[in-house]
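Peer 1: Here is a sequence together with a model predicted from it:
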Amino acid sequence: MLGLYSTRLLLFGDSLPFHRLSGCRKAWCQTNLRFLSWVGCDDGPLTLASLGFKSEFDKTKKDRASNLETLSASKSKVKVVGSSETKGIGAKKLVEIESAPFAAKSFSELDLPSLLLGRLESEGFTVPTDVQSAAVPTILKGHDVVIQSYTGSGKTLAYLLPILSEVGPLRNKYPDGEGDSGKKREIEAVIVAPSRELGMQIVREVEKLLGTTDKKAVQQLVGGANKMRQEEALKKNKPAIVVGTPGRIAEISAAGKLHTHGCRFLVLDEVDELLSFNFREDMHRILEHVGRRSGADPRGTKSPLARRAERQTILVSATVPFSVIRAARSWGRDPLLVQANKVLPLESLPTTGHVKLLGPASSSSSNSSMQVQSTAQSLPPSLKHYYCVTKLQHKVDTLRRSIHALDAKSVIAFMNHTKQLKDAVFKLEARGMKAAELHGDLGKLARSTVLKKFKNGEVRVLVTNELSARGLDVAECDLVVNLDLPTDSIHYAHRAGRTGRLGRKGTVVTICEEPEVFVVKKLQKQLGFPIQACEFTEGKLVVNEEERHLENVS
Ligand SMILES: Nc1ncnc2c1ncn2[C@@H]1O[C@H](COP(=O)(O)OP(=O)(O)OP(=O)(O)O)[C@@H](O)[C@H]1O
């Protein structure tokens, strides 16, 4: 029972605020991870060696290689040990890391079913991203995982591809035809997202991959939509995958109309948000019911261990605070942390304090200049960050000037309050700039219409609030503006991550008043990258050189 209690404790009693949960960030070359160290925890710095990880330089330990379990990606050089086989007190966790370990050149290297490969090709997906190369074989191998990589790096496909390999019409067919004939189709994967928009976006991604084959294999269960229609569709279509928001999934489940006890995959996308207080009760129900096959527990108890044995749990976010690491350990069976260039056992991570990574030039905590925090690891390194000081009444005008100066085509402007947000839209429109509002007070239809218009370019500036900060994927968005300051660096990261997706260029401008500058400086410190002071004059962005110089000197 201990596990069950600790799960509840973590979920509902121990919700550390995000801003206190900053962690590590990368300071190593994108594709060549060499050294990893933890600092900031009481035990002092640890190195790869002391953690039991092998680097390619660690030739003397080659004899251990025979113990390593090779991940199923044919060309992956990553080897993981220390999962179920080595569980036990004092068992050493080994992860062999070699240079550019996950650089799969094509999806065909990832051991995916041919039908799925065909669909990827038809949709123009040719090369997997780093996080996909790392996550797909790890999930296919049956591991519970936490997937963390920066915004816009393709985390959705990173979990969808292994799920679609096992579930639904594109899956691997077994020679004996198992699962094909006569068997009643059950829900085999439940994907939970914190907003309707993100839920619908995931549904569209699944439908894109399913193609015309069998779109009904996926069913959306998002709030705001007609519940009865969703329930009827569940009954009639018997989807293999459901994607929804916590409230609606929990509601239909409580009504006895969602049969997920035999579910094989549970995905919590934007998991750190899903662990927040708002979703407490609904998430409780989902975690209790999904993947809990009746009679699965040989001891006849409601042991969470029995439940874990039934489902594979996949937790996903660009920001992974320690509350997520602890939750994953509670719910998962030897869970692994999957990042763009590495896979490591969660058992090896501390559960408190600040996790930091050191770059290749240093494996010691003494070189503080090499230490970087994890929030920066949540964002693509190519993003440019600026802040501009103005008076409150000139903020919208500064926004307009920033759009002109940067020649931005597609802009998301974040504000904290609905009323001011509406005023901003009014002002922009009055000055001939096509703008629209998106927030929770709008109905589902209005929200999706606005988003559609923004995506197809009819609307140039989307003025919105935190609702759009997570997961929203608009490839064309080239500028994010904070018209109001985000509450902390985690919220900054998710807002900023709406631009510069999948290697594209992106700029983030924070427009603030003079007394707020210290908050920007604090954010900069937490984030670990420069947010440069700038002005927009004569249609140009002018960086404050004086400040840049002062920063270089200090
Ligand atoms: N291998 C790939 N090749 C080309 N495009 C891809 C590939 N993988 C994903 N994409 C596209 O990249 C975009 C970003 O992917 P996705 O939304 O999954 O990012 P993410 O990491 O989940 O971001 P966030 O943290 O903001 O939710 C999507 O439009 C997706 O279709």
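Peer 2: Yep, that arrived.
Peer 1: Quick check: residues of the protein near the ligand?
Peer 2: Selection of the chain residues close to the ligand by Cβ under 6 Å from any ligand atom yields 125, 127-129, 132, 151-157, 318, 471, 473, 475, 497, 501-502. (Glycine included, C-beta is placed from N, CA and C.)
Peer 1: got the buried residues for stretch 273-280?
Peer 2: Using 16 or more other Cβ atoms under 10 Å as the test for burial, stretch 273-280 gives 273-275, 279-280.
Peer 1: same deal with stretch 505-515?
Peer 2: Here stretch 505-515 shows 506-512 as buried, counting by 16+ other Cβ under 10 Å.
Peer 1: thinking again about what came up before, nearest to the ligand, out of the buried residues of stretch 273-280: which one, please.
Peer 2: Lowest distance from the ligand to the buried residues of stretch 273-280 (Cβ to the nearest ligand atom) belongs to E273, with 10.7 Å.
Peer 1: Next one: that closest one relative to V480, how far apart?
Peer 2: E273 sits 18 Å away from V480, going by Cβ to Cβ, to the nearest Å.
Peer 1: so where is the stretch 351-500 of the chain shaky, pLDDT-wise?
Peer 2: 351-376 (pLDDT under 70).
Peer 1: can you give me the strands in it?
Peer 2: In the stretch 351-500 of the chain, the strands defined using DSSP state E, counting those that start in this stretch lie at 384-389, 411-414, 435-438, 461-464, 479-482.
Peer 1: So P486 versus T464, what's the distance?
Peer 2: 13 Å.
Peer 1: Same drill for these two, tell me which one is more crowded.
Peer 2: Using other Cβ atoms under 10 Å as the criterion, P486 and T464 rank with T464 on top: 28 against 20.
Peer 1: ok, residues contacting stretch 163-170?
Peer 2: 111-113, 115-116, 119, 139-140, 171-172, 188-189, 206, 209-210, 213-214, 217-218, 240-241, 264-265, 267 (Cβ atoms under 8 Å, 6 or more residues apart in numbering).
Peer 1: Return the set of buried residues in it.
Peer 2: In stretch 163-170, residues buried by neighbour count (16+ other Cβ under 10 Å) are 163-170.
Peer 1: So which of the residues you listed are in helices?
Peer 2: Those of the buried residues of stretch 163-170 mapping onto helices are 163-166, per DSSP state H.
Peer 1: got CSV for those residues, with pLDDT too?
Peer 2: Output for these, formatted as CSV (pLDDT from 0 to 100):
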residue, pLDDT
I163, 97
L164, 96
S165, 95
E166, 93
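Peer 1: For this structure, name the helix or strand with the lowest mean pLDDT.
Peer 2: helix 48-51 (a mean of 26; mean pLDDT, DSSP states H and E).
Peer 1: The longest helix anywhere in the chain packs against which elements?
Peer 2: Assignment by DSSP H gives helix 196-210 as the longest helix of the chain. Using 3 or more Cβ pairs under 8 Å, 6 or more residues apart in numbering; DSSP states H and E, the elements in contact with helix 196-210 are helix 114-122, helix 155-166, strand 218-221, strand 241-244, helix 444-455.
Peer 1: run the last query once more with 7 Å
Peer 2: When contacts are defined as 3 or more Cβ pairs under 7 Å, 6 or more residues apart in numbering; DSSP states H and E, helix 196-210 sits against helix 155-166, strand 218-221, strand 241-244, helix 444-455.
Peer 1: most packed of these?
Peer 2: For these, the largest average neighbour count (mean count of other Cβ atoms under 10 Å) is found in strand 241-244, namely a mean of 27.
Peer 1: Which strands border that one, and is each parallel or antiparallel?
Peer 2: According to DSSP bridges, strand 241-244 forms sheet pairs with strand 189-192 (parallel), strand 218-221 (parallel).
Peer 1: Put together TSV for those, with distance to H394 and mean pLDDT on each row.
Peer 2: Below are the strands paired with strand 241-244 laid out as TSV (distance: least, Cβ to Cβ, whole Å; pLDDT from 0 to 100):
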stretch	distance to H394	mean pLDDT
strand 189-192	41	97
strand 218-221	42	96
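Peer 1: Any chance of JSON lines for these, columns distance to A493?
Peer 2: Below are those laid out as JSON lines (distance: least, Cβ to Cβ, whole Å):
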{"stretch": "strand 189-192", "distance to A493": "21"}
{"stretch": "strand 218-221", "distance to A493": "27"}
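Peer 1: now do the same end-to-end measure for stretch 268-275.
Peer 2: 9 Å (Cα to Cα, to the nearest Å).
Peer 1: same question, stretch 149-169
Peer 2: 29 Å.
Peer 1: what do you get for stretch 235-254?
Peer 2: End to end - Cα to Cα - stretch 235-254 spans 15 Å.
Peer 1: Then stretch 108-127?
Peer 2: Per Cα to Cα, stretch 108-127 runs 9 Å from first to last residue.
Peer 1: Show me what counts as buried in that stretch.
Peer 2: 109-113, 115-117, 119-120, 125.
Peer 1: and if you look at stretch 457-476?
Peer 2: Buried-residue list, stretch 457-476, by 16+ other Cβ under 10 Å: 459-474.
Peer 1: show me what contacts E186?
Peer 2: By Cβ atoms under 7 Å, 6 or more residues apart in numbering, the contact set of E186 is 259, 262.
Peer 1: Phi, psi for it please.
Peer 2: Torsion angles at E186 (phi, psi; degrees, to the nearest 10) stand at phi -110, psi 170.
Peer 1: Could you report the pLDDT at it?
Peer 2: pLDDT, E186: 85.
Peer 1: can you check the one 10 residues further on too?
Peer 2: At R196, the pLDDT value in this model is 92.
Peer 1: Settle this for me: it is touching Q220, isn't it.
Peer 2: No. Assessed by Cβ atoms under 7 Å, R196 is found out of contact with Q220, at 8.8 Å.
Peer 1: intersection of neighbour lists for those two?
Peer 2: With Cβ under 7 Å, 6+ apart, R196 and Q220 have no common neighbours.
Peer 1: quick one: T390 and V520, what's the gap?
Peer 2: 13 Å.
Peer 1: Can you check which residues contact both of the two?
Peer 2: By Cβ under 7 Å, 6+ apart, no residue touches both T390 and V520.
Peer 1: Settle it for me: which of the two has more neighbours?
Peer 2: Remark: of T390 and V520, V520 carries more neighbours, 21 against 18, as counted by other Cβ under 10 Å.
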